[in-house]
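A.B. asks: Model the structure of this input:
(2 chains)
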Amino acid sequence: DAKTTQPPSMDCAEGRAANLPCNHSTISGNEYVYWYRQIHSQGPQYIIHGLKNNETNEMASLIITEDRKSSTLILPHATLRDTAVYYCIVRVGNQFYFGTGTSLTVIP
Amino acid sequence: DVKVTQSSRYLVKRTGEKVFLECVQDMDHENMFWYRQDPGLGLRLIYFSYDVKMKEKGDIPEGYSVSREKKERFSLILESASTNQTSMYLCASSAPGQGTGELFFGEGSRLTVL
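C.D. replies: Purely as a prediction, here's the structure:
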């Protein structure tokens, strides 16, 4: 059973905000949501994580709905180097459950 | 700079060969993981280990075994490689505990079984 579902692909214009959605409707109260991205031929890299509150760091913002059944990763000003596959992950204890990811293409 | 190092980026093996994929981390992490990644299927967990000599099956353990003799090293073993094990293999490590840390990945090992 997939713990997260994401759209398979999205496009975004360079300089605009990229909003990547994720559904995690079966998430439990103490399970964190993580986001990673993977650029071709490299290992996935951490972006951000959160539990209930919205989070922001130098890379992105994470918006988690009040019921915690979905979240959105926001890249505020997408660049061509943000073209990658983005994974939404639920952490259950010491295990990380990956979805199939969203392939984001940033268009010049 | 923290690191997870996988021994080989690219391997080509023949059906029936025994294959070892090695992973070393320098962060003193208790948890280590092996995933495989295939197009359209995302990352699937093969095995994980939360301590030396401890291991747990993930979602797709069939055809694989693992070894964790030292804290920093986690090995994935294909006893008799088959063509359907052609894939990208990713090793990762993390500190224990909910929400206390991220998962660090190696660069991956792309295995082709002929």
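
A.B. asks: Any idea what the closest residue to chain A within chain B is bridged to?
C.D. replies: For chain B and chain A, the shortest gap (CB to the nearest CB) falls at B:Phe105, measuring 3.3 Å. To be clear about C-beta, it is placed using only N, CA and C from the backbone, and glycine gets the same treatment. Listed beta-bridge partners, B:Phe105: B:Ala92 (assigned using DSSP bridges).

A.B. asks: Can you tell me which residues in chain A are near chain B?
C.D. replies: A:30-32, A:34, A:36, A:41-46, A:49, A:51, A:87, A:89, A:91, A:93-101 (CB under 8 Å from any CB of the partner chain).

A.B. asks: Surely the residue of chain B closest to chain A and A:Arg37 touch.
C.D. replies: No. Contact criterion CB atoms under 8 Å: B:Phe105 and A:Arg37 do not qualify, at 11.2 Å.

A.B. asks: Mutual contacts of those two, please.
C.D. replies: A:44-45 (CB atoms under 8 Å, 6 or more residues apart in numbering or on different chains).

A.B. asks: neighbours around the spatially closest residue to B:Cys91 that is not a sequence neighbour, how many?
C.D. replies: Computed as CB to CB, 6 or more residues apart in numbering or on different chains, the closest residue to B:Cys91 that is not its neighbour in sequence is B:Cys23, at 3.4 Å. Residues near B:Cys23, counting by other CB atoms under 10 Å in any protein chain shown, number 26.

A.B. asks: What of B:Ser80?
C.D. replies: Using other CB under 10 Å, the number of residues around B:Ser80 comes to 11.

A.B. asks: Just give the nearest non-adjacent residue to it, would you?
C.D. replies: B:Gly16 (5.3 Å).

A.B. asks: Need the pLDDT of B:Gly58.
C.D. replies: Looking at B:Gly58, its pLDDT reads 92.

A.B. asks: Now do the residue nearest to it when sequence neighbours are not counted: how many residues are near it, please.
C.D. replies: Leaving aside its sequence neighbours, B:Gly58 sits nearest to B:Leu45 (CB to CB, 6+ apart; 3.1 Å). Close neighbours of B:Leu45, defined as other CB under 10 Å, add up to 20.

A.B. asks: Report pLDDT for B:Asp1.
C.D. replies: 66.

A.B. asks: Against A:Ile47, how distant is the residue most central in space within chain B?
C.D. replies: Here the mean C-alpha position of chain B is nearest to the C-alpha of B:Trp34 (CA atoms, centre = their mean), at a distance of 2.7 Å. According to CB to CB, to the nearest Å, B:Trp34 and A:Ile47 sit 22 Å apart.

A.B. asks: what's the answer for B:Leu76, then?
C.D. replies: 26 Å.

A.B. asks: Those two: who's more crowded?
C.D. replies: B:Leu76 (23 against 19).

A.B. asks: OK, contacts around the more buried one?
C.D. replies: B:20-21, B:23, B:34, B:46-47, B:64-66, B:89, B:91.

A.B. asks: Of the residues you listed, keep whichever come out buried.
C.D. replies: When the contacts of B:Leu76 are checked for burial by 16 or more other CB atoms under 10 Å in any protein chain shown, the buried set is B:21, B:23, B:34, B:46-47, B:64, B:66, B:89, B:91.

A.B. asks: Put together TSV for these, with pLDDT on each row.
C.D. replies: Below are the buried ones among the contacts of B:Leu76 laid out as TSV (pLDDT from 0 to 100):
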residue	pLDDT
B:Leu21	97
B:Cys23	97
B:Trp34	97
B:Ile46	96
B:Tyr47	96
B:Tyr64	97
B:Val66	97
B:Tyr89	97
B:Cys91	97
